[in-house]
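**Q** Quick check, what structure comes out for this input:
(chains A, B, C and D)
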Protein chains: 4
Amino acid sequence: MAHQQHAELLQTLHDCTATCNHCFDACLQEEDVKMMAECIRLDRECADICAFLEQAISRNSPFVSELAKVCAAVCEACGKECEKHDHDHCQECAKACFKCAEACRNIA
Amino acid sequence: MAHQQHAELLQTLHDCTATCNHCFDACLQEEDVKMMAECIRLDRECADICAFLEQAISRNSPFVSELAKVCAAVCEACGKECEKHDHDHCQECAKACFKCAEACRNIA
Amino acid sequence: MAHQQHAELLQTLHDCTATCNHCFDACLQEEDVKMMAECIRLDRECADICAFLEQAISRNSPFVSELAKVCAAVCEACGKECEKHDHDHCQECAKACFKCAEACRNIA
Amino acid sequence: MAHQQHAELLQTLHDCTATCNHCFDACLQEEDVKMMAECIRLDRECADICAFLEQAISRNSPFVSELAKVCAAVCEACGKECEKHDHDHCQECAKACFKCAEACRNIA
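**A** Sure thing, here's the model as predicted:
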C-alpha cells in the first residue's frame, strides 16, 4: 500500500471510529432510546471493527484485505441504519460510515 | 502469579466479558430501553476492560496491576447499575461483575 | 446458534487467545528471537482476532459469520507457523490454533 | 473536556498507536531481533492501551481519567525503551510516546 493512501485510510478509520462512538453516546442520551437500539448496536460494531482494522493496517498484518472486506460490510450496515434518523449525530455518522465503507472496499 | 490463580482469574474475566455482552444485547431488546441506557453503557465499558485485562494477563504485561485496579472499578460500577434491574440478565450480570471486581482487587 | 455450541466456541476462542499470548510472551524470551519473529507476529494477530470474535459472539453481533471466516484463516496461519518450532509453547499453540480454526469454520 | 482539547488528544493517541505498531512491525524485521524484544513487547502494550483509551474517550466513558493514568505509564515505559535504540522507527516512536504520555497526564 502506498504510504499516502495508507495514512489517509488510517485517518478515515480513525474518524469513523470516533464518529460512531460519539453517536453511540448521543443515542444513549436521546429521549426515545428504544428507537435508537439498532443504531446503538451497530455503532459499537462499527467502532470496534474500524479500530481493529486501524491497528491491523498499522502493524502490517497479513490479513488486512480480509478484515477490510468485513469492515466495509459493517460500515455499510451502520451507515444505512444511521441515515434513517434525523439527529445530527446520526447523519454525521452515516456520512463517516459510507466514506469508510468505500475506503475499505478499495483495499479489500 | 501462581499458575492456578492465573487460570481462575482469566476464566472469571472471560465469564464477566461474556455476561456483560449478553446483558448489553438483552437490554437493547427490552421493552423499555431508555431505563436500561446506563446499563447498556456500562456493560460495554465492563466487557471491553475485562477483555483487555484478559489479554494483558495472558501476554505477561508489565501493567497488569494498574489495569486490574481500573478493571475492579469498572466491574463495581457495572454491577451496581445492573443490580438495580430485575431482569435475569441484569441480576446475573451483577453477580459476574462483583465476583470479577473482587478477583481484580486481589491482584491490583 | 444453540446455547451449548455457543459456550463451547467461546471457550475455544478464549483458550486460543490465552495460548497465543503465552506463546508470544515465551517467544520474546527465547534465546533465538529472530527465528521466532513470524511466530510472534502471528501470535498477536491470532490472539487479537480470537478475542474480537469472542466479544462479537457474546454481544450477538450480526457479523459473526464473516468474522469467523477471517478468524479461521488467521488461526490456520498461526498454527502452521507454530508447528514448525519445537518449543512446547509453540506446539501447544499450534494445537489450540487448529482446534479453534475448525470451530470457526463450523460457524463461518 | 473542551472539544478542541478532545480532538487533539484523540489525534495524539491515534498517532501513538500507529507509530508503535509501525515500530513493532519494523523491529520484527530487524537483523538483531533479540535486542528488540523488550521494544516489541512494549510497542504492543502501548498501541493497545492507546487504542483502548481513544475508544473510551470518544464514547464518553466514565473511566477516562483512570485509563489515562495507566496509558501515561505505558507510554512513558515504551518511550524509554524505544529511545535506547538508534533505528529511526524507534526514535520516532519514542517521540510519539513521550508526547502521548504528557497528553495523558494532562487529563488523568
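**Q** Which element, helix or strand, includes residue A:48?
**A** Taking DSSP states H and E as the criterion, residue A:48 maps to helix A:37-58.
**Q** how about the residues of chain A near chain D?
**A** Selection of chain A residues close to chain D by C-beta under 8 Å from any C-beta of the partner chain yields A:10, A:14, A:17-18, A:21-22, A:24-25, A:47-48, A:51, A:54-55, A:58-60. C-beta: built from backbone N, CA, C; applies to glycine.
**Q** which among those are in contact with chain C?
**A** Restricting these to those within reach of chain C (C-beta under 8 Å from any C-beta) leaves A:48, A:55, A:59.
**Q** helices or strands next to the helix holding residue A:48 in the packing?
**A** helix A:3-28, helix A:64-82, helix A:88-107, helix B:3-28, helix C:37-58, helix D:3-28, helix D:37-58 (3 or more C-beta pairs under 8 Å, 6 or more residues apart in numbering or on different chains; DSSP states H and E).
**Q** in the first one, what's buried?
**A** Of the residues in helix A:3-28, those with enough neighbours to count as buried (16 or more other C-beta atoms under 10 Å in any protein chain shown) are A:6, A:9-10, A:12-28.
**Q** is it anywhere near chain B?
**A** Yes. Helix A:3-28 is in contact with chain B by C-beta under 8 Å from any C-beta, via A:25, A:28.
**Q** now the angle from the helix or strand of chain A with the lowest mean pLDDT to helix D:37-58?
**A** Within chain A, no helix or strand scores below helix A:3-28, which has a mean of 91 by mean pLDDT, DSSP states H and E. Interaxial angle, helix A:3-28 versus helix D:37-58 (axes from the mean of the first three to the mean of the last three C-alpha atoms, to 10 degrees): 40 degrees.
**Q** tell me what helix A:3-28 is packed against?
**A** helix A:37-58, helix A:64-82, helix A:88-107, helix B:37-58, helix D:3-28, helix D:37-58.
**Q** that older thread, out of the helices and strands packed on helix A:37-58, nearest to residue B:37?
**A** helix A:3-28 (4.6 Å; C-beta to C-beta).
**Q** who touches stretch A:83-102?
**A** A:12-13, A:15-16, A:19-20, A:22-23, A:26-27, A:30, A:35-36, A:39, A:43, A:46, A:50, A:71-73, A:75-76, A:78-80, A:82 (C-beta atoms under 8 Å, 6 or more residues apart in numbering or on different chains).
**Q** Buried residues, stretch A:24-42. List them.
**A** A:24-28, A:30, A:33, A:36-42.
**Q** from those residues, which two are the most distant?
**A** Farthest pair in these (C-beta to C-beta) is A:25 and A:38. Separation: 16.1 Å.
**Q** Quick one: mean pLDDT for stretch A:91-98?
**A** Averaging pLDDT along stretch A:91-98 yields 98.
**Q** any idea how far it is from the chain center?
**A** Centroid separation for stretch A:91-98 versus its chain: 8 Å, with C-alpha atoms, centre = their mean, to the nearest Å.
**Q** go on, stretch A:55-64?
**A** Stretch A:55-64 sits 17 Å away from the centroid of its parent chain (C-alpha atoms, centre = their mean).
**Q** what does stretch A:89-101 give?
**A** For stretch A:89-101, the distance to the chain centre is 7 Å (C-alpha atoms, centre = their mean).
**Q** So for that stretch, what gets flagged as buried?
**A** Across stretch A:89-101, burial judged by 16+ other C-beta under 10 Å covers A:89, A:90, A:93, A:94, A:95, A:96, A:97, A:98, A:99, A:100, A:101.
**Q** List just the nearest of those to residue A:64.
**A** Among those, and counting by C-beta to C-beta, the member closest to residue A:64 is residue A:100, at 14.4 Å.
**Q** Leaving out the residues flanking it, which one is nearest to that closest one?
**A** For residue A:100, ignoring the flanking residues on the chain, the nearest one in space by C-beta to C-beta, 6 or more residues apart in numbering or on different chains is residue A:16 at 3.8 Å.
**Q** Would you mind measuring from that neighbour to chain D?
**A** 11 Å (C-beta to the nearest C-beta, to the nearest Å).
**Q** Contact partners for that residue?
**A** By C-beta under 8 Å, 6+ apart, the neighbours of residue A:16 are A:46, A:47, A:50, A:75, A:96, A:97, A:99, A:100.
**Q** can you rerun that using 10 Å?
**A** A:46-47, A:49-51, A:53-54, A:71, A:74-75, A:78-79, A:93, A:95-101, A:103-104 (C-beta atoms under 10 Å, 6 or more residues apart in numbering or on different chains).
**Q** same deal with residue A:80?
**A** Counted by C-beta under 10 Å, 6+ apart, residue A:80 has contacts A:42, A:94, A:97, A:98, A:101.
**Q** quick one: stretch A:61-69 near chain B?
**A** No. Contact of stretch A:61-69 with chain B (C-beta under 10 Å from any C-beta of the partner chain) is absent, the minimum separation being 16.3 Å.
**Q** what sits up against that stretch?
**A** Applying C-beta under 10 Å, 6+ apart, the external contacts of stretch A:61-69 come out as A:1, A:9, A:13, A:49, A:52-53, A:55-58, A:71, A:103-108, C:38, C:41-42, C:44-46, C:48-49, C:52, C:66-67, C:69-71, C:73-74, C:77, D:21, D:25.
**Q** how about a cut-off of 6 Å?
**A** For stretch A:61-69, contacts defined as C-beta atoms under 6 Å, 6 or more residues apart in numbering or on different chains pick out A:53, A:56, A:57, A:104, A:107, A:108, C:45, C:70, C:74.
**Q** Can I get those residues in TSV including neighbour count and pLDDT?
**A** Below are the contacts of stretch A:61-69 laid out as TSV (neighbours: other C-beta atoms under 10 Å in any protein chain shown; pLDDT from 0 to 100):
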residue	neighbour count	pLDDT
A:53	28	98
A:56	22	97
A:57	20	96
A:104	28	97
A:107	18	93
A:108	15	89
C:45	20	98
C:70	20	98
C:74	28	98
